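# Here is my input; please provide its structure:
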Amino acid sequence: MNLGIRIRLCLMMFLEFFIWGGWFVTLGTFLGNNINASDGEIALAFSTQSWGAIIAPFVIGLIADRYFNAERILGLLHLLGAGLLFLMYKTTSFDVFYPYVLGYMILYMPTLALVNSVSFNQMKNPAKEFSMIRVFGTLGWIVAGLLISYLFEWDSSSGILQGQLKNTFLMTSMASLFLGIFSFSLPKTPPKAKGTSEKLSIRDILGLDALNLFKDRNFLIFFISSILICIPLAFYYQNANPFLVEIGMENPTGKMTLGQISEILFLLLLPYFFTKFGFKNTILVAMLAWVVRYLLFAYGDVGELGFMLIIGIALHGICYDFFFVSGQIYTDSKAGPKYKSSAQGLITLATYGVGMLIGFWIAGEIANTYLLSDGMHIWESIWLYPASFAFIVLILYALLFKREKIDYQS
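Residues are numbered from 1 along each chain as shown. Okay, here's the model as predicted:
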């Protein structure tokens with residue numbers, strides 16, 4: 001890959017995740033403080049990510065894989081997304097906001113697969129080359145959080161009181177506009193199925209051929225565990241920023257980028273850990289990290305126990321990398337050449353789609369249950385729910401999943 005293409009791919013990945021991290025992290029805080037949304041309404045807004053993940057395979061399967069270049073669809077989706085982000089910036093009521101965010105996530109979620117397609121199309125050895133491109137996406141997420149907290153101070157006490165968090169949508173709207181235009185300069189990525197006479201069925205689009213993998217008991221246990229662990233995961237995405245703001249942490253969005261910094265670190269450590277301790281132990285460590293994280297959130301504070309909150313945030317690298325990245329490696333090894341793509345699509349549909357859709361709804365119901373009359377929450381009780389649930393999933397997985405050797409080439 002020549003240097004010019006590499007730079008363009010890195011910038012594409014940076015902007016892709018800068019846009020997502022630039023508004024999604026503070027969404028709950030924005031909705032609760034700027035437009036007085038209830039916990040149930042906040043859950044509805046976050047669940048749009050899941051609906052986008054569920055609908056995304058249809059966009060990719062019906063359009064990107066058949067008719068148009070991936071980089072052109074990527075550009076069009078981000079241009080349309082820029083308009084919806086700007087409309088969200090102008091919104092003052094949840095009833096108007098919800099259709100915009102739903103439409104936006106239906107447009108955005110397919111772009112996660114499209115940026116990968118554009119990248120992979122330029123690589124001779126994706127296993128070695130992709131991580132050095134993908135890391136710029138994590139850097140984009142980090143930069144967005146640092147700008148919000150430390151440069152613009154939109155999530156400071158005064159910034160929130162003045163309603164400045166709405167500016168996150170304006171900032172990401174401009175970034176989306178730029179990425180939309182920039183996408184048309186990316187390397188050409190023609191549709192793989194163009195010119196074929198074969199018709200795609202719903203089974204093909206959703207990757208249902210991978211259901212054959214359920215004949216393998218271990219894979220079935222892993223699949224079910226993946227759905228279940230995404231239920232407590234949703235609590236973090238939906239409640240972490242509002243929680244940190246409510247208890248008075250300074251620069252909460254910037255400090256939450258510690259999670260992405262640790263993600264880079266543990267991604268580098270994963271090959272060693274995976275090879276040394278095996279797949280089952282790697283997943284168990286990830287599940288245990290979720291339990292510990294939520295216990296730290298439950299009993300930490302912004303005073304003498306502030307270190308507990310920082311550790312809880314920093315555990316994101318283990319929580320995410322050791323479970324999701326390990327899971328992708330495991331799925332790839334189990335699927336074989338025939339089901340590689342469909343198996344990964346099915347796992348994504350199950351986790352970010354079904355699992356987190358359930359999780360966002362439960363998180364909203366529990367947050368509403370522990371809402372006080374003054375608008376504050378009993379956070380200790382709220383965080384104990386995902387901690388307990390993650391612990392139950394951990395025990396079930398430990399008992400039911402049988403050890404097996406997985407081939408992994410780092």
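
# how many other residues sit next to the closest residue to residue 297 other than its chain neighbours?
Setting aside the residues directly before and after it, residue 297 is nearest to residue 383 in space (CB to CB, 6 or more residues apart in numbering), at 4.5 Å. For every residue, glycine as well, the C-beta is placed using N, CA and C. Look at residue 383: counted by other CB atoms under 10 Å, it has 27 neighbours.

# Just give me how far the helix or strand hosting residue 383 sits from the chain centre.
Per DSSP states H and E, residue 383 falls inside helix 379-400. On the basis of CA atoms, centre = their mean, to the nearest Å, helix 379-400 sits 20 Å off its chain's mean C-alpha point.

# Buried residues of it, list them for me.
Residues of helix 379-400 classed as buried: 379, 382-387, 389-391, 393-394, 397 (neighbour count, 16 or more other CB atoms under 10 Å).

# CA atoms only: put that helix into PDB for me.
Output of helix 379-400 as PDB, limited to C-alpha atoms (Å, rounded to 0.1, in the frame of the first residue of the first chain):
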ATOM      1  CA  TRP A 379     -26.600   5.000  41.300                       C
ATOM      2  CA  GLU A 380     -25.300   2.400  43.800                       C
ATOM      3  CA  SER A 381     -28.400   0.400  43.300                       C
ATOM      4  CA  ILE A 382     -28.500   0.900  39.500                       C
ATOM      5  CA  TRP A 383     -24.900  -0.300  39.000                       C
ATOM      6  CA  LEU A 384     -25.400  -3.400  41.100                       C
ATOM      7  CA  TYR A 385     -27.800  -4.800  38.500                       C
ATOM      8  CA  PRO A 386     -25.400  -5.100  35.600                       C
ATOM      9  CA  ALA A 387     -22.700  -6.200  38.000                       C
ATOM     10  CA  SER A 388     -24.900  -9.100  39.200                       C
ATOM     11  CA  PHE A 389     -26.100 -10.000  35.700                       C
ATOM     12  CA  ALA A 390     -22.500 -10.100  34.300                       C
ATOM     13  CA  PHE A 391     -21.500 -12.300  37.200                       C
ATOM     14  CA  ILE A 392     -24.300 -14.800  36.400                       C
ATOM     15  CA  VAL A 393     -23.300 -14.900  32.800                       C
ATOM     16  CA  LEU A 394     -19.700 -15.400  33.800                       C
ATOM     17  CA  ILE A 395     -20.700 -18.400  36.000                       C
ATOM     18  CA  LEU A 396     -22.900 -20.000  33.300                       C
ATOM     19  CA  TYR A 397     -20.100 -19.600  30.700                       C
ATOM     20  CA  ALA A 398     -17.500 -21.000  33.000                       C
ATOM     21  CA  LEU A 399     -19.600 -24.100  33.700                       C
ATOM     22  CA  LEU A 400     -21.000 -24.800  30.200                       C
END
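
# by contact count, what packs against that helix?
helix 217-246, helix 258-299, helix 356-369 (3 or more CB pairs under 8 Å, 6 or more residues apart in numbering; DSSP states H and E).

# Out of those, which gets nearest to residue 49?
helix 356-369 (6.8 Å; CB to CB).

# Need phi/psi at residue 377.
Residue 377 adopts backbone torsions of phi -120, psi 150, taken as degrees, to the nearest 10.

# I figured it hits residue 366, correct?
No - judged on CB atoms under 8 Å, residue 377 makes no contact with residue 366 at a distance of 9.7 Å.

# Tell me which residues of stretch 220-234 come out buried.
Here stretch 220-234 shows 221-234 as buried, counting by 16+ other CB under 10 Å.

# okay if I get those as CSV plus pLDDT?
Formatted as CSV, the buried residues of stretch 220-234 follow (pLDDT from 0 to 100):
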residue, pLDDT
221, 94
222, 93
223, 92
224, 94
225, 94
226, 93
227, 94
228, 95
229, 94
230, 94
231, 95
232, 95
233, 93
234, 95
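
# Make a markdown table out of those and add distance to residue 141.
Below are those laid out as a markdown table (distance: CB to CB, whole Å):
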| residue | distance to residue 141 |
| --- | --- |
| 221 | 31 |
| 222 | 27 |
| 223 | 27 |
| 224 | 29 |
| 225 | 26 |
| 226 | 22 |
| 227 | 25 |
| 228 | 26 |
| 229 | 21 |
| 230 | 19 |
| 231 | 23 |
| 232 | 21 |
| 233 | 16 |
| 234 | 18 |
